[in-house]
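Student: A predicted structure for the sequence below; I have some questions about it.
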Amino acid sequence: MTTVSPYSFAPDGHGTKELHLVAVETLDSWLETQSRRVRNWLSSTGFAAKSGEIALIPDPDGALVSAVIGHGTARDRARARFHLGGSRRALPPARYKLHHALDPDALAEEALGWLLAGYSYRAGPPSPPADMAKLVAPDGVDAAQLQIIAAAEVFTRDLINTPAASLGPEELESATLGLATRFGADMSVTYGDDLLYQNLPLIHAVGRASDRAPRLLDMRWGQTGPKLTLVGKGVCFDTGGLNLKPGASMGLMKKDMGGAATVLGLAQMIMASGWPVQLRVLIPAVENAVSGSAMRPGDVLTSRKGLTIEVNNTDAEGRLVLADALALACEDAPDMLICMATLTGAARAALGPDVPPFYTHDSALAQTLMSASARVRDPLWQMPLHPAYQAMIEPGIADLDNAPAGGMAGSITAALFLDRFVEGGTRFAHFDIYGYQPKPAPARPKGGVGQGARALFAALPDVLDL
């Protein structure tokens, strides 16, 4: 079989096997279209089209001719995504051509899930991809776009999954520079104490305790079209600072740069697709460490925007680095400003690991995002920027409190905090993502995962009138 990337479709050709995706509701009618031999075989093996169920059909000599995958019931399909992808690794390595009765959106979802099911991560030197089942691009999908999306998601997952010892601020800079180089983007970096001289004091305050210098990554691509700015939280490891996290809470903190990884994946989709936009990506890349120079609880910091902040918990550092980046972004008057961050445990408590909340004052933008989210099966949910909670982030001795007491509405108060650094009139949306798959699921092994990027990629052309 021709060598094909696990994240690409295979060319059609001699030896391609048929692959049938059959729902419980249509099993009987589908069987009527099959040969007597196939009907007898499936009857004798008890195939019932349950979700993920696989039947391999041989020819009279025992060689594989085709495979049938169960698509479950309508309830199964509403409750889970990527059924086809969930079966990929269970199929014999061969090239398959899909036969189905799916609408275009469902077909695109299943075809993308197939590509994403090729993903795995293992620390250490790269190894050749495992031989696995390949799929011919189904008729009716934009194969090139699906491959662009899959490649970007792989980039995001690899960044999140890389251990913090191998991916600190410097390595995140290198990954961003590599992306910029591939697509001819410009990139500048502000390091260490230069952050103070360039009026980025909050990024410096969070990252100064680490031996791995904090920095702001600034990538620009495109000369014409609307200005689209993506800001991603790049906390490459979060100990909590002097408000040290317990071990159980620190174990996954290599993923605290998931916002940066996700906006980089989205940026890759946009650049690979050649959108007519002026794209800017801002990533404050830091490590929140513990040393004698660490910021302290009770410190009052002054931000780029001039707002003062009382640090009541050094573990609420993400909103600090994002505040300076958002203020900088607004100085360029973007037409659309997106912020993505693994920001609060409160978001997980409210909506669980699968559904990131997003916040915006723009109702039309929210409707477009929700519609795109449902269409591409990339879950999102709008949460309110509830004005009555503004008082919770105003401590009295400073303009803002980075960690309001009481523990209520934590994701909302974090979003309200960030909103203070966005100029009025700027179209803005903030996403409080998890960036991690806690248990294996179809096309999503346990580990880092992009959230919200596909929905944004589907929504932004309408938002920006592209």
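Tutor: Cool, the structure landed. Numbers count the residues shown, from 1 in each chain.

Student: Let me know whether Gln198 touches Tyr191 as I believe.
Tutor: No - applying C-beta atoms under 8 Å, one finds Gln198 not in contact with Tyr191, separated by 9.8 Å. Where C-beta positions appear, they are placed from N, C-alpha and C, glycine not excepted.

Student: dump the residue contacts of Ile283.
Tutor: Contacts for Ile283 were tallied using C-beta atoms under 8 Å, 6 or more residues apart in numbering; they are 172, 176, 216-217, 231-232, 234, 260, 263-264, 325.

Student: would it count as being in a strand?
Tutor: Yes - under DSSP: H, G, I helix; E, B strand; the rest coil, Ile283 sits within a strand.

Student: what's the spacing between it and Leu177?
Tutor: Taking C-beta to C-beta, to the nearest Å as the measure, Ile283 falls 11 Å from Leu177.

Student: Who does the spatially closest residue to Ala164 that is not a sequence neighbour form a beta bridge with?
Tutor: Beyond its immediate neighbours in the sequence, the residue positioned closest to Ala164 (C-beta to C-beta, 6 or more residues apart in numbering) is Phe237, lying 3.9 Å away. Beta-bridge partners recorded for Phe237 (DSSP bridges): Glu287.

Student: what's the answer for Val22, then?
Tutor: Gly70.

Student: Would you agree it is in contact with Ala67?
Tutor: No - distance between Val22 and Ala67: 10.8 Å, which falls outside the contact criterion (C-beta under 8 Å).

Student: Of the contacts of Ile283, which belong to helices?
Tutor: Restricting the contacts of Ile283 to those inside helices, with DSSP state H as the criterion, leaves 172, 176, 260, 263-264, 325.

Student: okay, now the nearest residue to Gly184 once chain neighbours are set aside: neighbour count?
Tutor: Once its chain neighbours are removed from consideration, Gly184 has its nearest residue in Trp221; the separation is 7.2 Å (C-beta to C-beta, 6+ apart). A count of nearby residues for Trp221, using other C-beta atoms under 10 Å, gives 21.

Student: again, but for the one 10 residues further on
Tutor: The local packing count at Val231 equals 29, with neighbours defined by other C-beta under 10 Å.

Student: heads up, I number from 535, so please use that
Tutor: With 535 as the first residue, the last one maps to Val765.

Student: That one: what's it in contact with?
Tutor: Contacts here follow C-beta under 8 Å, 6+ apart; on that basis Val765 touches 797, 815-817, 856, 859-860, 863, 871-874.

Student: now Ala801
Tutor: Taking C-beta under 8 Å, 6+ apart as the test, what Ala801 contacts is 713, 753, 755, 764, 813, 815.

Student: Contact partners for Leu565?
Tutor: In this structure, Leu565 makes contact with 572-573, 576, judged by C-beta under 8 Å, 6+ apart.

Student: Shouldn't it be within a strand?
Tutor: No - read with three-state DSSP, Leu565 is helix and lies in no strand.

Student: can you map out the helices along the stretch 685-834 of the chain?
Tutor: If DSSP state H, counting those that start in this stretch is used as the criterion, the helices of the stretch 685-834 of the chain fall at 703-717, 728-731, 735-741, 781-784, 792-807.

Student: quick one, domains of this structure?
Tutor: Under the assignment named as automatic domain parsing, the residue ranges that make up the domains of the chain are 551-670, 681-997.

Student: of all the ones you listed, which lies closest to Pro540?
Tutor: Each of the domains of the chain has some distance to Pro540 by C-beta to C-beta; the shortest is domain 551-670, at 2.7 Å.

Student: so how far does that closest one reach from one end to the other?
Tutor: When the termini of domain 551-670 are compared using C-alpha to C-alpha, to the nearest Å, they are 10 Å apart.

Student: now that domain: mean pLDDT?
Tutor: Across domain 551-670, pLDDT averages out at 93.

Student: likewise stretch 707-717?
Tutor: The average of the pLDDT scores along stretch 707-717 is 98.

Student: Equivalent analysis for stretch 868-875, please.
Tutor: Looking at stretch 868-875 alone, the average pLDDT works out to 98.

Student: chain center to that stretch, what's the gap?
Tutor: 15 Å (C-alpha atoms, centre = their mean, to the nearest Å).

Student: what's that stretch in contact with?
Tutor: Contacts for stretch 868-875 (C-beta under 8 Å, 6+ apart): 760-767, 792-794, 796-797, 800, 814, 852-853, 856, 860, 863-864, 952, 956, 960-967, 986, 990, 994, 997-998.

Student: how many neighbours does Pro638 have?
Tutor: 10.

Student: The closest residue to it other than its chain neighbours - how many residues pack around it?
Tutor: Taking C-beta to C-beta, 6+ apart, and ignoring the residues beside it in sequence, Pro638 has Gly674 as its nearest neighbour in space, at 5.9 Å. By the measure other C-beta under 10 Å, the count of residues near Gly674 is 13.

Student: now swap in the one 3 residues further on and tell me
Tutor: Ala677 has 18 neighbouring residues, counting by other C-beta under 10 Å.

Student: Tell me the first helix or strand C-terminal of the helix or strand harbouring Ser621.
Tutor: Secondary structure here is read from DSSP states H and E; on that basis Ser621 sits in helix 617-621. Once helix 617-621 ends, the next helix or strand along the chain (criterion: DSSP H and E) is strand 629-633.

Student: CA-only coordinates of the helix or strand following that following strand in PDB, if you can.
Tutor: If you walk from strand 629-633 toward the C-terminus, the next helix or strand you reach (DSSP H and E) is helix 638-650. What follows is the C-alpha trace of helix 638-650 in PDB, where atoms were taken according to Å, rounded to 0.1, in the frame of the first residue of the first chain:
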ATOM      1  CA  PRO A 638     -22.600  16.900   3.900                       C
ATOM      2  CA  ASP A 639     -22.000  18.100   7.500                       C
ATOM      3  CA  ALA A 640     -22.100  14.700   9.000                       C
ATOM      4  CA  LEU A 641     -19.900  13.300   6.200                       C
ATOM      5  CA  ALA A 642     -17.300  16.000   6.800                       C
ATOM      6  CA  GLU A 643     -17.300  15.300  10.600                       C
ATOM      7  CA  GLU A 644     -16.800  11.500  10.000                       C
ATOM      8  CA  ALA A 645     -14.100  12.000   7.400                       C
ATOM      9  CA  LEU A 646     -12.200  14.400   9.700                       C
ATOM     10  CA  GLY A 647     -12.600  12.000  12.600                       C
ATOM     11  CA  TRP A 648     -11.000   9.300  10.500                       C
ATOM     12  CA  LEU A 649      -8.000  11.600   9.900                       C
ATOM     13  CA  LEU A 650      -7.700  12.600  13.600                       C
END
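
Student: Counting by contacts, list what helix 638-650 packs against.
Tutor: Contacts of helix 638-650 with other secondary structure elements, assessed using 3 or more C-beta pairs under 8 Å, 6 or more residues apart in numbering; DSSP states H and E, are made with helix 617-621, strand 668-669, helix 677-695, helix 897-910.

Student: any chance of these in CSV, plus distance to Glu644?
Tutor: As requested, the helices and strands packed on helix 638-650 are exported to CSV (distance: least, C-beta to C-beta, whole Å):
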stretch, distance to Glu644
helix 617-621, 4
strand 668-669, 10
helix 677-695, 10
helix 897-910, 12
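
Student: picking that back up, isn't the residue nearest to Gly718 right up against Ala714?
Tutor: Yes - using C-beta under 8 Å, Trp755 is in contact with Ala714, at 7.4 Å.
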